[in-house]
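Q: Have a look at this prediction, sequence included:
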Amino acid sequence: MADISRPLGRLLGVRREVAEPGDGGAERAPAGAEAIVVGGGIAGMSAAVVLAERGVRVRVLEARPWLGGRLAAWPDRLADGTPQVVEHGFHAFFRQYYNWRSILRRVDDELDFLRPVPGYPVLSASWPTEEFGRLPAAPPLNLLTLVARSPSLRLRDLRTMDGQAALPLLAYDPERTFAEWDGTTAAALLDSLRLPDRARAMLFEVFSHSFFNLEADYSAAEMVANFHFYLLGNPEGLAFDAPYQDYDTAIWRPLADYVAARGTEVLTDRPALGVERDGDSWRVRTADGMHAAPHLVLAVDPPALATLAEASPDLAAAVPGGTTGSVTAAGPPYAVARYWLGGDVRPDRPIFSGVSRQSTLDSVTLYHRLEQEPGRWARRTGGSVVELHAYACEPGVPAEELAERMRRELATLWPEVADLPVVELRARVEAQAPAFRPGGHATRPGVRTGAAGVYLSGDGIRTSFPSALMERSAATGVLAANHILRTYGVRTEPVWSIRPRGLLAARGRPAPLGGVTPA
C-alpha cells in the first residue's frame with residue numbers, strides 16, 4: 001500500500017528545508033588560510049571536511065588514540081586471540097540527519113555502508129511491546145497511526161488525557177517554546193498530560209532517556225524540540241539505518257584519508273592542554289608543543305571543554321560561564337556493556353530494542369546480526385555479541401556491576417539470556433553527554449563566540465533550527481567552518497534541517513501545561 005503520509009506531509013509543509021543557504025564566494029581560500037580543530041569526533045571532522053575542501057590548511061588535534069568521540073571504535077582482542085573492534089555505543093543514523101549524511105557522502109556517495117534497521121520496538125517486563133518503527137513516514141499520519149495501534153494508549157485513555165497540556169508538543173517554535181518552557185522539567189510536562197502510567201513509560205520516557213538526561217532534570221523545552229525533530233517535524237519518520245561495519249572502518253579511517261588528501265593534518269593522542277591568544281592567532285598547547293592558527297574550532301565534549309576553559313583564561317569570552325556554564329555541564333553517567341555470549345538469543349529478537357522501566361537497562365543491540373566482524377565470530381562459535389546500554393545511570397557504580405545488572409534485567413525480558421554463558425565482557429562508564437537542565441537554554445552558546453576567531457561545535461551547542469545528537473554535532477561543525485570561510489571570502493556550505501515549527505505553531509500561544517505554570 002502506498003504511503004500517503006508523504007504527500008500529506010508536503011501539503012502541510014513537512015519537508016527538508018534550508019536552515020542556512022550557502023553563501024557565494026571564491027572556490028578556494030587564499031594561501032596561508034589556517035585553522036585548528038580541537039576534537040576529532042563528528043563535529044570536529046565535519047568542520048575539517050568543509051574547510052579542507054575549500055583549501056584551508058587544517059590541523060585536527062584529538063586527545064584519544066582514535067577518532068570519533070562518542071561514535072568512536074577501537075581495536076581489541078578476545079582471550080582466544082580473536083581481533084574485535086569495540087565501539088563507544090550503538091548510534092541510530094536517522095534519515096533526517098541531512099548534514100551528517102552529507103559529510104558521510106564525501107567518502108561513500110551512496111551511503112552503501114548503511115543498512116536499514118527494521119523496527120523500533122520498546123520492551124517492557126510489565127506491558128506488551130510498543131513498536132515505534134514501521135510507521136508512515138511523515139506527520140501527522142505517523143502520530144495518528146502510532147496512537148491508533150498502540151497497546152499502551154486506548155480510546156478511553158484519550159478521554160482522561162489533558163488535551164490542552166499536549167498542545168506544546170504539537171506547537172514547537174524555536175523561540176517561544178524555549179521562552180515559555182525551558183524552566184520547566186520534562187517530568188512536569190509528562191505529569192501534566194495525565195497519561196496512564198503505561199503510556200507514559202512506553203511512549204515518552206523511553207524517548208526522553210535517549211538524550212542521556214533524566215526527566216526530573218531535563219528541560220521540557222528540549223523534550224518538545226526533540227519530539228518535533230524526531231517525530232512531528234520531519235518527512236522521514238523514525239526510520240533509521242546503521243553501519244554494517246565498525247565505525248572506524250566505515251567512517252573514521254575514510255574521513256581521515258579524505259581530509260589528509262586535501263592537506264589536513266590529523267593528530268591523535270594530542271590532548272589540548274591550554275589555549276592562549278597570541279596577536280591575531282590562537283595557540284593551542286599540547287604535550288609536543290604549540291599549534292597556532294588565526295581560527296580555532298573547539299569541538300570537544302563538555303568535561304573536556306570545562307578542563308580546557310579552566311586552563312585557558314583567554315577563552316573566557318568563548319566559554320560563557322567558564323567551567324560552570326551550561327555548555328560545560330555533563331549529563332548523568334551512561335554505561336555501555338558488550339557481551340560475547342556462548343549461545344544465541346531467539347532468532348526473532350530484533351537487532352535494536354529500547355527498554356522501558358528497567359532500573360538500569362535502556363537499550364539492547366544484537367551486534368552479531370548488525371556488523372560483519374561480530375557476525376563472523378558468532379558464526380564460528382555459535383555465540384552472540386550483545387550490547388547493553390544505560391543512558392542515564394547511578395553515579396559511582398563500577399562498570400562491571402552495571403553490566404551485570406543490565407544482563408539480569410535483559411533476562412527478565414528475554415528469558416533465554418539467563419542460560420547463555422558469558423565468554424567475554426567489555427564494560428565502560430562515561431559522563432560525556434551534554435546536560436540540558438531546566439533554565440540552561442538562555443546561557444547555552446551558539447557556534448559563534450565572543451572571542452574573535454573561536455567557534456564551538458558539538459551536540460551541546462545551540463542552533464537556531466531543530467537538531468539533536470549526531471546531527472547537531474555535524475551541523476554545528478559545518479556552521480563553524482562556514483564562519484571561518486566567510487572571513488576569507490570563500491563559498492560556504494548549505495546547512496539543512498526540517499520544518500522549523502510544529503504543525504500547530506501558527507495557531508497562537510500554546511495553552512499552559514495543565515496545572516504547571518510556564519517558566
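A: The structure has been received and is ready for your questions.
Q: Which is the succeeding secondary structure element to the helix or strand hosting residue 275?
A: Residue 275 is located in strand 274-278, with elements delineated by DSSP states H and E. For strand 274-278, the following helix or strand on the C-terminal side (DSSP H and E) is strand 281-286.
Q: The strand holding residue 275: which residues count as buried?
A: Going by neighbour count (16 or more other C-beta atoms under 10 Å), the buried part of strand 274-278 is 274-277. In short, each C-beta sits where N, CA and C put it, glycine included.
Q: So which of these is the closest to residue 252?
A: Of all the buried residues of strand 274-278, residue 252 sits closest to residue 275, with 24.7 Å by C-beta to C-beta.
Q: Not counting sequence-adjacent ones, nearest residue to that closest one?
A: Leaving aside its sequence neighbours, residue 275 sits nearest to residue 312 (C-beta to C-beta, 6 or more residues apart in numbering; 4.1 Å).
Q: Would you check that that neighbour makes contact with residue 277?
A: No - if you go by C-beta atoms under 8 Å, residue 312 and residue 277 don't touch, sitting 9.3 Å apart.
Q: got the buried residues for the helix ranked longest in the chain?
A: Longest helix in the chain by number of residues, with DSSP state H as the criterion: helix 469-487. For helix 469-487, the neighbour count (16+ other C-beta under 10 Å) marks 469-485 as buried.
Q: What is that helix packed up against?
A: strand 17-20, helix 42-53, helix 98-104, strand 296-298, strand 454-456, strand 495-497 (3 or more C-beta pairs under 8 Å, 6 or more residues apart in numbering; DSSP states H and E).
Q: does residue 256 belong to a helix or a strand, and which?
A: Using DSSP H and E, residue 256 sits within helix 253-260.
Q: any idea of the mean pLDDT for whichever helix or strand comes after that helix?
A: As assigned by DSSP H and E, the chain's next helix or strand after helix 253-260 is strand 265-267. Strand 265-267 shows a mean pLDDT of 98.
Q: Sheet-wise, list the partners of strand 265-267 with their directions.
A: The sheet places strand 265-267 alongside strand 57-61 (parallel), with pairing taken from DSSP bridges.
Q: Run through this structure and note the low-pLDDT ranges.
A: For the chain, the stretches with pLDDT under 70 are 1-14, 154-159, 162, 506-519.
Q: what do you get if the cut-off is 50, keeping everything else the same?
A: Within the chain, the segments meeting pLDDT under 50 span 1, 507-519.
Q: Looking at the buried residues of strand 274-278, which is nearest residue 264?
A: Nearest to residue 264 among the buried residues of strand 274-278, with distances taken as C-beta to C-beta, is residue 275, at 19.7 Å.
Q: mind listing what that closest one touches?
A: Contacts for residue 275 (C-beta atoms under 8 Å, 6 or more residues apart in numbering) come out as 38, 282-285, 296, 308, 311-312, 314-315.
Q: circling back to that earlier point, send me the longest helix of the chain as CSV with only the CA atoms.
A: Extracted as CSV, the C-alpha positions of helix 469-487 are listed here (Å, rounded to 0.1, in the frame of the first residue of the first chain):
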residue,chain,number,x,y,z
LEU,A,469,22.6,14.3,18.8
MET,A,470,24.8,13.3,15.8
GLU,A,471,23.0,15.7,13.5
ARG,A,472,23.6,18.7,15.8
SER,A,473,27.3,17.8,16.1
ALA,A,474,27.6,17.7,12.3
ALA,A,475,25.6,20.8,11.7
THR,A,476,27.5,22.9,14.2
GLY,A,477,30.8,21.7,12.8
VAL,A,478,29.6,22.9,9.3
LEU,A,479,28.5,26.2,10.8
ALA,A,480,31.8,26.7,12.4
ALA,A,481,33.6,26.1,9.1
ASN,A,482,31.2,28.5,7.4
HIS,A,483,32.1,31.3,9.8
ILE,A,484,35.8,30.8,9.0
LEU,A,485,35.2,30.6,5.3
ARG,A,486,33.4,33.9,5.3
THR,A,487,36.4,35.6,6.8
